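**Student:** below is the sequence, then the predicted model.
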Protein chains: 2
Amino acid sequence: MQNTNKNTNTTPELLLENQLCFTIYACSREFTKLYQPHLDKIGLTYSQYLVMLVLWEKKQCTVKELGEALFLDSGTLTPLLKRLQAAGWILRERSLQDERKVLISLTEKGAALQSEAACIPAKMAEGTMLSSDEFVDLLGQFKGLLGRIHEANISASKK
Amino acid sequence: MQNTNKNTNTTPELLLENQLCFTIYACSREFTKLYQPHLDKIGLTYSQYLVMLVLWEKKQCTVKELGEALFLDSGTLTPLLKRLQAAGWILRERSLQDERKVLISLTEKGAALQSEAACIPAKMAEGTMLSSDEFVDLLGQFKGLLGRIHEANISASKK
DNA sequence: TTAAATTATATTGTGTGCAATACATTATAA
DNA sequence: TTATAATGTATTGCACACAATATAATTTAA
């Protein structure tokens, strides 16, 4: 990408417009903003919606498994899960086999919420105006990037 | 993308693995994590680093201009800028022409910090192991997507 | 079969991120 | 010129995000 900035005092590597990370960061927040009006209707925040996506798939899992799926730690998940419990969407129960583990499962009400969320992906596709092919292509590329960065973080944490 | 999930109770649109937004969201947080050890050395958080990138380019701007560049609102920027001021990197002054505006500029110390940050982009390139071509390609794709979503949000807010 | 290491979750503190609101200033129009 | 609207920033409240720490349970190894 050509650097079209007039400023010659800053190296191109430090120009905001050349930051891949910033573009992704801004993209993520703008995407969340696009979801919000639809999530408001069913009473979920974006992070809560992600947790529910996992639970609609798996029915039951531990906090640790949720964290691995969503790349979130327990310090983020614990209060979030307590709010989902208070709203009546999920149950939190200690495992009888291993009392360190907290098992998360759906309530009837939480399972039923899936049908109300079913229309959201179509609304998002409409908003972004991506064709199916473009969507699949972008998803594949971003997953590849996510894998690389995740690996880089794992190897960095081992030092 | 082929849906390889065994679960047949969930529509593919609601599977976590098929969420473009989640992939970007996770990507963004993993990227921030990759920056952190390097930013720790110069005493900046990731968001503060982004503000400094803008100031190293523009030398002076208003809070509103910063928000437009970074897609952040004043509710996020004001406390962040106060911390940068407390650390001695920047100055915050009311405009004499229009007293609603707050002008942000670098201190000597803040300007000097740029040379310490200069090595960070290379460290990130090393961590992600992206070739120059791949980097440029991804940046272009993300910028295109960001533009689309930002437009979608603007038109949604007009309703 | 204890002691030590590992594992899993909770708690605390700092720093965003943003909607809603408030407030002051400037611009516009009747 | 005086309402009125628009603009720009600050404040408040809620929800993450994560590092550091604490606590408890399990595993392992001596």
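**Tutor:** In hand now; what should we look at? Numbers count the residues shown, from 1 in each chain, chains lettered A, B, ... in the order given.
**Student:** tally of neighbours for whichever residue of chain A sits closest to DNA strand D?
**Tutor:** Closest contact between chain A and DNA strand D, by Cβ to the nearest atom of the strand, is at A:G75 (2.8 Å). Placement of C-beta: from N, CA and C, glycine included. Neighbourhood size, A:G75 [other Cβ atoms under 10 Å in any protein chain shown]: 9.
**Student:** next one: the one 3 residues further on
**Tutor:** A:T78 sits with 12 neighbouring residues when counted by other Cβ under 10 Å.
**Student:** my guess is A:C21 meets B:Y35, correct?
**Tutor:** Yes - assessed by Cβ atoms under 8 Å, A:C21 is found in contact with B:Y35 at 6.8 Å.
**Student:** okay, and the common contacts of those two?
**Tutor:** Shared contacts of A:C21 and B:Y35 (Cβ atoms under 8 Å, 6 or more residues apart in numbering or on different chains): B:M124.
**Student:** and those two? Which one has more around it.
**Tutor:** Set side by side, A:C21 and B:Y35 show more neighbours around A:C21, with 23 against 18, by other Cβ under 10 Å.
**Student:** tell me the confidence at that one?
**Tutor:** We have a pLDDT of 95 for A:C21.
**Student:** what does A:L39 give?
**Tutor:** 94.
**Student:** kindly report the same for the one 10 residues further on.
**Tutor:** The confidence metric pLDDT takes the value 96 at A:Y49.
**Student:** give me the distance between it and DNA strand C.
**Tutor:** 15 Å (Cβ to the nearest atom of the strand, to the nearest Å).
**Student:** name the nearest residue to that residue, ignoring sequence neighbours.
**Tutor:** Computed as Cβ to Cβ, 6 or more residues apart in numbering or on different chains, the closest residue to A:Y49 that is not its neighbour in sequence is A:L39, at 5.6 Å.
**Student:** contacts only, for the one you found.
**Tutor:** Applying Cβ under 8 Å, 6+ apart to A:L39 gives the contacts A:45-46, A:49, A:120.
**Student:** secondary structure element holding A:D40?
**Tutor:** helix A:20-42 (DSSP states H and E).
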